[in-house]
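**Student:** Need a 3D model of the sequence below.
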Amino acid sequence: MEGGRVTGEELRSFTVGAVAIGVFCLVLMLSYFTTHIHGATADSNRVYAAFNRVDGLAVGDEVQLAGVPVGRVAAMTLQPNFQARLTLLVADDVPLPTDTSAAIHTDGLFGRKFVVLEPGGDETLLGDGGVITFTQDSLIVSELLDLIIAEGRAQRRAGEGIGEVEPR
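**Tutor:** The predicted structure is shown next:
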């Protein structure tokens, strides 16, 4: 600033900074509204499901049916039998048969977790407060990788013994 006047370069820097802050705020607002509005609404049914492991899943994560978001995970509580009980908010216009199953999936190898519902064939439907009894726990990627590595090592050791001739 020369003699109280703003130079063109200072004005340009200020404008770029203001635009960057505005874009950042817009991205924050959009991410907030898409995670809190999309999926479950006030017109939702509470459905419960118990899992042995829910590693990586969080309150607010999506509930999907056929790849379409139909709700959100509303709460997670630990039961006296050491199972995790999930409260799922599912849109009330989504009919779920009583034999619906729930599984925790991962988006890609290290992506986000979400609950997938697979409807069964029963003619009676789960209502508000219904319980899903068929569940599949969260897959722990590190345990899966350890299993793959151990299997590979076992096969390599078994392969080393093939075709060898013992000395006499």
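**Student:** Next, the buried residues of stretch 96-115.
**Tutor:** Within stretch 96-115, the residues scored as buried using 16 or more other Cβ atoms under 10 Å are 96, 98, 99, 100, 102, 103, 104, 106, 113, 114, 115. (Each C-beta comes from the backbone N, C-alpha and C, glycine too.)
**Student:** need the contact list for residue 135.
**Tutor:** 49, 50, 51, 101, 102, 103 (Cβ atoms under 8 Å, 6 or more residues apart in numbering).
**Student:** ok, the fourth one to residue 122 distance?
**Tutor:** Taking Cβ to Cβ, to the nearest Å as the criterion, residue 101 is separated from residue 122 by 11 Å.
**Student:** Could you do the second one as well?
**Tutor:** In this view, residue 50 and residue 122 are 19 Å apart by Cβ to Cβ.
**Student:** more neighbours, those two?
**Tutor:** residue 50 (17 against 12; other Cβ atoms under 10 Å).
**Student:** what is residue 85 paired to in the beta sheet?
**Tutor:** residue 50, residue 77 (DSSP bridges).
**Student:** my guess is it contacts residue 49, does it?
**Tutor:** Yes: judged on Cβ atoms under 8 Å, residue 85 makes contact with residue 49 at a distance of 7.4 Å.
**Student:** of those two, who's got more company?
**Tutor:** residue 49 (26 against 16).
**Student:** Pretty sure the more buried one sits against residue 131.
**Tutor:** Yes: the criterion here is Cβ under 8 Å, and residue 49 meets it with residue 131 at 7.2 Å.
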